[in-house]
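Asks: Quick one, fold the following:
(chains A and B, ligands or ions: 2)
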Amino acid sequence: MVEKPDYYSIKHWLTTTNHKDIGILYLFTSLYFLMVGGSLALLFRLQLAFPWLNILDASAYNQAVTMHGLIMVLWAVSPLAFAFANYLVPLQIGARDLAFPRLNALSYWLYLFSGLLAAVTFFIPGGAPDVGWTYYAPLSTARFSPQPGVTLAGLALVMLIASVTVSTINFIVTVATMRAPGLGWSKIPMFTWSILFTVLLMLFAFSPLAAGVLLLAVDRVFGTAFYTSPEGGTFLWGHLFWFFGHPEVYIVLMPALGIIGDVIETFTRKPLFGRKYILLSMAAASFISFIVYVHHMFNTGMHPIVREVMSLTTESISVPFGIIMLSFIFSLYKAKIKVTTPFLFAIGSIFLFIIGGITGVFNSSIPLNHLIRGTYWVVAHLHYAMVGATLFGLLAGLYYWYPKMTGRMYNERLGKIHFAIAFIGFNVLYLPMFIIYDMPRRVYTYSVPEWIPFNQLETLGGYIFGISFLLLVYNFYKSYRVGAPAGNNPWGGWSLEWLTQSPPPPHNFDFEPVITGDQVTLYTNGGQPEPHIEHMTSLPMYLSLGVFVTFLGFVISTPLFIIGVILTLAVLAKWMWSDVLNKFVIPEPVKSERWPFENTSKLKLGVWILVITEAMLFAGLIGAYSLIRVNMMGEWPPGPLVHDVRLGGINTIVLLTSSLTVALAVAYSKFGNERNILLSLLASLGLAGLFIGIKAIEWSELFAEGFTLTSSLAASTYYVLTSVHAAHVLGGMIVMLYLITKVLKGGYKSGGYEGVENFGIYWHFIDIVWIFLFALFYLL
Amino acid sequence: MEAENIIKMYTLIWVLLVVFTIVEVMMIAMAFPPVFILLGVIGLASLKAVFIALYYQHLKYDDIAISWFYLMALFFAIFIVIVFTGGSGVWPIQ
Ligand code: HEM
Ligand SMILES: [Cu+2]
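Replies: Ligands and ions are numbered 1, 2, ... in the order given. You can find the predicted model right below:
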């Protein structure tokens, strides 16, 4: 029998890698951040209701607004969706866990510590960032906002991006390769589909933001001028931020749509109307969301054609969303509906999304946008979309899966009262904002008497909305103790999570679900549950703590920084060592549905997804290069005038040769020729070292000639891009050392040298990046 | 494929990559018109990248879906460069 873990021990929660435990951790953490962000909002709503009292002064107000936005978007709402994703995606696809459980724990701990890092800024000198959640440059540069909190919150963002990247890899690989036999793409529940779209959006959106934040950090710490010079400046940030920012709002929204789909299917007791078209629309909306972002920059001097094109693409995105909403609504037609709390929240969400979407179409008209840009109209729009549609959808999910997660029913009447109060409070809070659409946002006070009653009404609504959540807390707390037992399937849902116990056992299913047609067959293993190994490890927690201390120290204290670096490196070494010894191996799922990745192992797909995120990072950086270079026109010195083209060419050949030796190592690994694998890897390591050495010589010569990090924007761009590349080379060298050790220790005897092959994919990518950097900086 | 053939192929690709690099460097040494250099250098760099992706990263022999991911990233990279620079009004459109 499988041993039941001790859920009352703290150690369990610090070391767990089980997806359901991680889901619970995400749930409590995101609700905590929701409370923090909500309290900040109630604070500044008070100031707006009585603008003459100055409960908050200008700076405190701006800090509160900025942190409210950052925390809500990045650390509360989106992670709340990932609480459900962690808990339910493996269940819904009939898997035992996510593809990489330890990395999943790492995602969580990076998320928690990044949130704490952002929150710490309130307590350091200068306070929290006060530049708005959009971090617009040059306001966010050291010239206008010298306080360290702006840098620190930026680093918190970098940490969060790392967390998101790891999650992205994990969820794509899980859904792609671990579905139960027979569970083809068309049979995946809506929620899992929506998470798949969400992580695909994350995959392409988050890394360019990392590039933007990196440049900002370099500006602030090393005194470069990416965002203070007119050639980069506000345009550069606007592009890098909103290429991320617009898809981000769909990242936030998408899981709620999935939940609504599942909830409607369950409570109308029939399949969704036009399910296929909903999925196609989600796919279309996901794609289009990348090519609309200039609608956040309509009021800049951007070239009119670009603005007009993106005005059209923005308006066209309402077509797929219209299809989704209509399909949801038609699904209700002639259905025997069971009205429950989750159903009410789902319907409320649809209703509020329609208001949010329609006002979005107003925003996307360039002339109207000139009128409403930077006003409470936009605030109302974005909250109808992000709170109305998204948070209500997620609350539907919370009520819907509460019985599954706890094994108990909540009190239905209290739930419905919560919905009613929240819905009224929400509209009292945001509807008046459309009426005073000319009131500017992000200003701490005003002296227009006509606005006062509206603001007081809004504040009243805000408090009603906020307080309604006490009902949820009370209901869930009480029901956890005395609620009626829920049984496996209290709602009569059809997806796989309802087939197992509530709460599910650690290994999820006592049987193997196999799907044929519309039927699920449960294969039991002669009554014995399949053996399931729980891997407990504290490494992800310590690694995240190490990064937290490193970043905090970097900004406020050097000794702390050194401690952080040592901790981080020590944990990394320990982690690698436990891998050298093969302490943690999960077998490939043997009988899973995995089209279109039949021939790709989980790990290999994971490495490929990582490479894609890296490609997007460099896409962001090369975008920055192009923008700056184009804006500098004749000021940018042609490469051959600055760089030694011949030396650069030789270094290129050195790196190309290392790719050859790595390719050879992979080839030898196919034939198990251990000695040649080792020789090839050693040669690659030497060549990589040589590449870094030549780089160092080039840099020191350039410095001697006065071409330094801050000597010109062209020089800054060169140094930042080549250092990011060099950092990847160094990272690759560490992995080579790891592989060499592992081969020497005989760690691959049973595993067929998969690690060598997967490393090759990554190394060749680094080579490709260099080929372009060489062309862009040396040759052109 | 036979072990020897694979190694031969990898080495051949390497020779091509090195030759392309030398051509790139030589193009700079000779005074070609700038547009020619721009197209030549970007073209050769792309060609090198394609060879590495197809053979060293063996996309040619793997599930086609991986290539789709790669192409998607490529699409967005090109999109980023075009919009970032196009917004500045460099393209001859009006
Ligand atoms: C049909 C759907 C939508 C359209 C056409 C649309 C359009 C727009 C436009 C044009 C703006 C820029 C307004 C301005 O600042 O001048 C905007 C702002 C915004 N939208 Fe939407 N939107 C839509 C749906 C959504 C959804 C679903 C969300 C989130 C879940 C969302 C979140 C936001 C946010 C956060 C902002 C403000 C960003 C800021 O400046 O702080 N929108 N929207
Ligand atoms: Cu947008």
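
Asks: start to end distance for stretch B:52-64?
Replies: End-to-end distance of stretch B:52-64: 16 Å, with Cα to Cα, to the nearest Å as the criterion.

Asks: Need the residues that contact it.
Replies: For stretch B:52-64, the external contacting residues (Cβ atoms under 8 Å, 6 or more residues apart in numbering or on different chains) are A:596-600, A:659, A:662-663, A:760-761, A:764-765, A:767-768, A:771, B:9-10, B:13, B:17, B:66-67, B:70. Quick note: C-beta positions are derived from backbone N, CA and C, even for glycine.

Asks: go again using 6 Å as the cut-off
Replies: Residues outside stretch B:52-64 that contact it (Cβ atoms under 6 Å, 6 or more residues apart in numbering or on different chains): A:Pro596, A:Phe597, A:Asn599, A:Thr600, A:Ser659, A:Ala663, A:Ile761, A:His764, A:Ile768, B:Ile13, B:Ser67.

Asks: any idea which helix or strand carries the residue in the stretch 251-400 of chain A that ligand 1 sits nearest to?
Replies: With Cβ to the nearest ligand atom, the shortest gap between the stretch 251-400 of chain A and ligand 1 falls at A:Gly360, namely 2.5 Å. If you go by DSSP states H and E, A:Gly360 is part of helix A:341-363.

Asks: How about A:Val520?
Replies: strand A:519-523.

Asks: cool, A:Pro513 as well?
Replies: Using DSSP H and E, the element containing A:Pro513 is strand A:512-516.

Asks: In a markdown table, list the contacts of stretch B:52-64 along with neighbour count, pLDDT and distance to A:His507.
Replies: What follows is the contacts of stretch B:52-64, written out as a markdown table (neighbours: other Cβ atoms under 10 Å in any protein chain shown; pLDDT from 0 to 100; distance: Cβ to Cβ, whole Å):
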| residue | neighbour count | pLDDT | distance to A:His507 |
| --- | --- | --- | --- |
| A:Pro596 | 13 | 92 | 28 |
| A:Phe597 | 19 | 93 | 24 |
| A:Asn599 | 11 | 89 | 28 |
| A:Thr600 | 20 | 91 | 25 |
| A:Ser659 | 26 | 97 | 42 |
| A:Ala663 | 27 | 95 | 40 |
| A:Ile761 | 22 | 97 | 32 |
| A:His764 | 23 | 98 | 38 |
| A:Ile768 | 23 | 98 | 41 |
| B:Ile13 | 20 | 97 | 46 |
| B:Ser67 | 16 | 96 | 36 |
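
Asks: So which other helices or strands are in contact with the strand holding A:Pro513?
Replies: Under the contact criterion of 3 or more Cβ pairs under 6 Å, 6 or more residues apart in numbering or on different chains; DSSP states H and E, strand A:512-516 touches strand A:519-523.

Asks: just how off-centre is the strand it packs on within its chain?
Replies: Mean-position distance between strand A:519-523 and its chain equals 35 Å (Cα atoms, centre = their mean, to the nearest Å).

Asks: strands paired with it, and their directions?
Replies: strand A:512-516 (antiparallel) (DSSP bridges).

Asks: Is any residue of the longest helix along chain A near chain B?
Replies: The residue-count maximum for a helix in chain A (DSSP state H) belongs to helix A:233-268. Yes - judged by Cβ under 6 Å from any Cβ of the partner chain, helix A:233-268 comes into contact with chain B at A:His239.

Asks: Give me the angle between the following helix or strand past that helix and helix A:233-268.
Replies: Under the assignment DSSP H and E, the closest C-terminal helix or strand after helix A:233-268 is helix A:275-288. With axes from the mean of the first three to the mean of the last three Cα atoms, to 10 degrees applied, the angle from helix A:275-288 to helix A:233-268 works out at 170 degrees.

Asks: Packing partners of helix A:275-288?
Replies: Here helix A:275-288 touches helix A:190-222, helix A:318-331, going by 3+ Cβ pairs under 6 Å, 6+ apart.

Asks: Much appreciated, bye for now.
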